[in-house]
Each structure stands twice: as structure tokens, then as C-alpha cells.
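> Generate a structure from the sequence data that follows.
(one chain, ligands or ions: 1)
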Amino acid sequence: MNNRQVLLASRPQGAVTPENFRVVDAPMPAPGEGEVLVRNLWLSLDPYMRGRMNDVKSYAPSVAVGDVMVGQTVGEVVESRHPGFKKGDKVLTGTGWQLYGVARGKDLMLVDASRVPASYYLGILGMPGLTAWFGLFEIGKPQAGETVVVSAASGAVGSVVGQLAKNEGCRVVGIAGGRRKCDYVVEELGFDACVDYKAGKLHEDLRAACPKGIDVDFENVGGEILDTVLRSMNPFSRIVVCGLIAEYDAKEPYGYKMLRSVLVNRIRMQGMIVFDWKDRYGEALADLGARVAAGKLRYKESVVEGLDNAPAGFMALLTGGNFGKQLVKLG
Ligand SMILES: NC(=O)c1ccc[n+]([C@@H]2O[C@H](COP(=O)([O-])OP(=O)(O)OC[C@H]3O[C@@H](n4cnc5c(N)ncnc54)[C@H](OP(=O)(O)O)[C@@H]3O)[C@@H](O)[C@H]2O)c1
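Okay, the predicted model is just below:
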């Protein structure tokens, strides 16, 4: 029996192309002492992976050309040489874009797939959900009655941010690409409004949707969207710089024009990386889990079938082709 892997074949120059990946068969890995062999069932595709394809200094190391693409998976233990895991256990792993992976027991987390689908641990009860929770509550600090704007609003992080803010008693306005996503954000997720930035009049539409200005911007996109949002920010408002996906494929950084708003409005603008709260993940997961169990958080997945289609799924994610948390079904 063979393993199958997706390798980084070359570094993208601008937009990611299929040639940047190579799908290969590989020998089945064998676990050593203290290790576990996992058959991956779900692979998470996330925007941060685009950064790992570049050879630049960042908060995490790049993937080397020829290496397996990084990523989180949920899988099933096939063979264990670690006392904490047994055959059949469901685990969260960092084994990347491959069908089978070996991990040290201390790098695995058991997941309880009896009450929610195992794939949730890659989304609403995983890294994206945690990002929404910590970014909103620790940096955005929304107060009842305030207006919260979130970009990439139908996505894995944005959808959770907006629902949490709504629960705090805020007016919540999403920004998303296209009518279909905007309708979902309002009708299914319960946001008060959603602006379609592809309609070409973002500033006017945002002004109309936020008559009292913006108190919290949860920024997932950057570029022209952030520059436009800056024009409507209120005095003493907060901007959570969570992601700048509009810039990930760009050869040059976007030239922001509205920085003056940060000064005159005394805006607190802070970048975030979710790992900084890793010691508190349990607290956030308990709260997110309770909300999911109570039916208070809606969640959507965008599923690509089969490892060989992971590159296509990833390219779709970077251009808005996904609708919900992007996953690859492997098993
Ligand atoms: N800081 C952290 O620790 C952390 C952790 C997780 C995620 N993030 C960031 O959070 C953001 C959302 O991540 P996610 O996993 O939830 O992804 P997602 O929102 O599920 O998917 C990405 C979405 O970004 C939007 N998008 C892509 N290219 C765009 C462009 N050029 N202009 C405007 N919108 C574009 C698309 O939505 P539309 O079709 O609506 O445009 C697409 O569906 C990303 O920027 C990611 O890097 C940060």
C-alpha cells in the first residue's frame, strides 16, 4: 500500500498555478517509538498556506520546494506506538497534504467526533473558529449597540465573527463577493446587512449599511477593502488585522491611502496571529462548542473530493471560489 502526497513543486510568482504543485505516490511511513500512523480523512485548506509557499521571513517557516505542503488534518489512528492513542481514535494532526502521516503523540490532539462531525475541528471548532473568537473578543472588544464590520464575511473566520458580534448586541455588517454570499450572510447567518464589494460602490454601500459609522472592523481581506473601510471608522474604533488575503498573490504590497483616519480617529489597529492564545484555546473551544451545540452558530463547509484536487481547491479559496470553510475530503 502506498501513500500519496502533494508537494510544493515551485514557488508561485503572483497567483498560484497548478504547476506549483506535484502529486506523487510515496512509500507508506512507519511510526517510531512515541509516534502514531494516521490515515487522514479531512484536509483543511487555509489562506495562510499561500504565505508558506513564499521564501520570505514570516511568523512561521516556509515550505521547502520538494516538501509536502503544510496543513492540518483530521484523521484516524491506524497504528500507535504511543500510550495515549489507540487504533481507531480520531485525531487532529499537522501532517499536511497527504493521505497518511506519522506524528509524535505530543503533536496530536484527540477529537470527539460523537457529537459534531470530525471536520468541524478544522473549522468552527478549530483554528478559524479560535481566530474569530480571540480576534473579536480580545482585540475588537465589541460593545452592545456598536457597529461591527467583517470582510470575507461568508468564510470560515468571518462567518463566526459576525455571529458572535451579533450575539453581543451589535449591528453587524458583512462584506462579501457576490449576491449569493451576501444573501447567505444576512438570511442564514443573521447579519444585519451585507455589502457586495463586487458591485463596485463599496464606500457608498458601506455608508448606507453603517449609518452610525464603524466601531469595529474585523479585517480579513485588506487592500482596497480596508482602505475603503478606513473612511467610515469612528473615533476610538478598533481594527483587528486578521488577514490580508487580497495581497497574498500580489507582487507588490497595496499602497494604503487612508492611514490618516487612524490618526484623526485615534483608531487602535492591531495585527493578530491566533497561536498567541494557544494557552487559552480550551476556554474558547468550550464556548464555541456550547454555542454550536445550542444551535447558535451556523456553519457551512465547501468540500473538494480527493487529495489530487487539493491544489484546485486551494486556488479557488484564494479567489473566492469557496463558499464556507474549504476542506478536502480524503477518506
Ligand atoms: N491571523 C490569524 O491568525 C488568522 C487565522 C486564520 C485566518 N486568517 C485570515 O483570515 C482571512 C479569512 O480566512 P478564512 O480561512 O476564513 O478564509 P475564507 O474567508 O473561508 O475564504 C477566503 C475568502 O477570502 C475572500 N477573498 C479572496 N480573495 C479576495 C480578494 N482579492 N478580495 C476580497 N476578498 C477576497 C473570498 O471571499 P469573497 O468571495 O467574499 O471575496 C474567499 O472566500 C484570511 O485573510 C486569512 O489569512 C488569519
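> State the mean pLDDT of stretch 303-314.
Stretch 303-314 carries an average pLDDT of 98.
> what's the offset of that stretch from the middle of its chain?
The chain centre lies 16 Å from the centre of stretch 303-314; the measure is C-alpha atoms, centre = their mean, to the nearest Å.
> What of stretch 70-88?
The answer for stretch 70-88 is 23 Å, by C-alpha atoms, centre = their mean.
> Endpoint to endpoint, it covers what distance?
24 Å (C-alpha to C-alpha, to the nearest Å).
> Now do the buried residues in it.
By 16 or more other C-beta atoms under 10 Å, the buried positions in stretch 70-88 come out as Val70, Gly71, Gln72, Thr73, Val74, Gly75, Glu76, Val77, Ser80, His82, Phe85. Heads up, the C-betas are built off the backbone N, CA and C, glycines and all.
> So which of the residues you listed reach the ligand?
The subset of those lying close to the ligand, counting by C-beta under 6 Å from any ligand atom, is empty.
> Taking those residues together, which two end up most distant?
Val70 and Ser80 (23.2 Å; C-beta to C-beta).
> Val195 looks like it's in a strand, true?
Yes. The assignment for Val195, made by DSSP: H, G, I helix; E, B strand; the rest coil, places it in a strand.
> Quick check: beta-bridge partners of it?
Note on Val195: beta-bridge partners by DSSP bridges are Ile175.
> Now for it: which residues touch it?
Going by C-beta atoms under 8 Å, 6 or more residues apart in numbering, Val195 touches Val173, Gly174, Ile175, Ala176, Cys182, Leu202, Asp205, Leu206, Ala209.
> okay, now the residue of the stretch 201-331 of the chain found nearest the ligand: neighbour count?
Nearest residue of the stretch 201-331 of the chain to the ligand: Gly243, at 1.9 Å (C-beta to the nearest ligand atom). Counted with other C-beta atoms under 10 Å, residues neighbouring Gly243 total 25.
> mind checking the SS state of it?
Per three-state DSSP, Gly243 ends up coil.
> hmm, who's touching whichever strand or helix holds Val303?
Val303 is part of strand 301-305 when elements are defined by DSSP states H and E. Identification of contacts with strand 301-305 by C-beta under 8 Å, 6+ apart yields 45, 119, 123, 310, 312-313, 316, 322-329.
> Filter these to keep only those in contact with the ligand.
Answer for the contacts of strand 301-305 near the ligand (C-beta under 6 Å from any ligand atom): Asn322, Lys325.
> Keep only those of the contacts of strand 301-305 that are in helices.
Under the assignment DSSP state H, the contacts of strand 301-305 contribute Ala310, Ala312, Gly313, Ala316 to helices.
> can you pull the contacts of the second one?
Yep, that's Ala312 we're talking about. Shown in contact with Ala312 (C-beta under 8 Å, 6+ apart): Pro18, Val304.
> hang on, the earlier thing: of the contacts of strand 301-305, closest to Gly96?
Nearest member of these to Gly96, counting by C-beta to C-beta, is Ala310, at 10.2 Å.
> I'd assumed Gln326 was in contact with that closest one.
No. At 9.8 Å, Ala310 does not count as touching Gln326 under the criterion of C-beta atoms under 8 Å.
> shared neighbours of those two, anything?
Leu45, Val304.
> picking up where we left off before, just the buried ones from the contacts of Val195, in ChimeraX syntax?
Remark: buried members of these, expressed as a ChimeraX selection using 16+ other C-beta under 10 Å:
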select :173,174,175,176,182,202,205,206,209
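> so can I have a markdown table of the contacts of Val195 showing distance to the ligand?
Formatted as a markdown table, these follow (distance: C-beta to the nearest ligand atom, whole Å):
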| residue | distance to the ligand |
| --- | --- |
| Val173 | 13 |
| Gly174 | 9 |
| Ile175 | 7 |
| Ala176 | 4 |
| Cys182 | 8 |
| Leu202 | 10 |
| Asp205 | 14 |
| Leu206 | 14 |
| Ala209 | 15 |
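> Pick out whichever of the contacts of Val195 sits closest to Gly190.
Using C-beta to C-beta, the contacts of Val195 come closest to Gly190 at Gly174, 10.5 Å.
> contacting residues for the closest one?
149-151, 153-154, 158, 162, 182, 185-186, 189, 191, 193-195.
> By neighbours, which of these wins?
Comparing the contacts of Gly174 by number of neighbours (other C-beta under 10 Å), Val150 comes first, having 36 neighbours.
> Pretty sure that residue sits against Ile214.
No. Applying C-beta under 8 Å, one finds Val150 not in contact with Ile214, separated by 10.5 Å.
> Need the residues touching each of the two.
Shared contacts of Val150 and Ile214 (C-beta under 8 Å, 6+ apart): Val173.
> The most centrally placed residue in the chain: helix or strand, and which one exactly?
Nearest to the geometric centre of the chain sits Pro128, at 4.3 Å (C-alpha atoms, centre = their mean). Element membership of Pro128, judged by DSSP H and E, is helix 127-134.
> Tell me how many other residues crowd Lys329.
15.
> Surely it is in contact with Asn309?
No. Assessed by C-beta under 8 Å, Lys329 is found out of contact with Asn309, at 9.4 Å.
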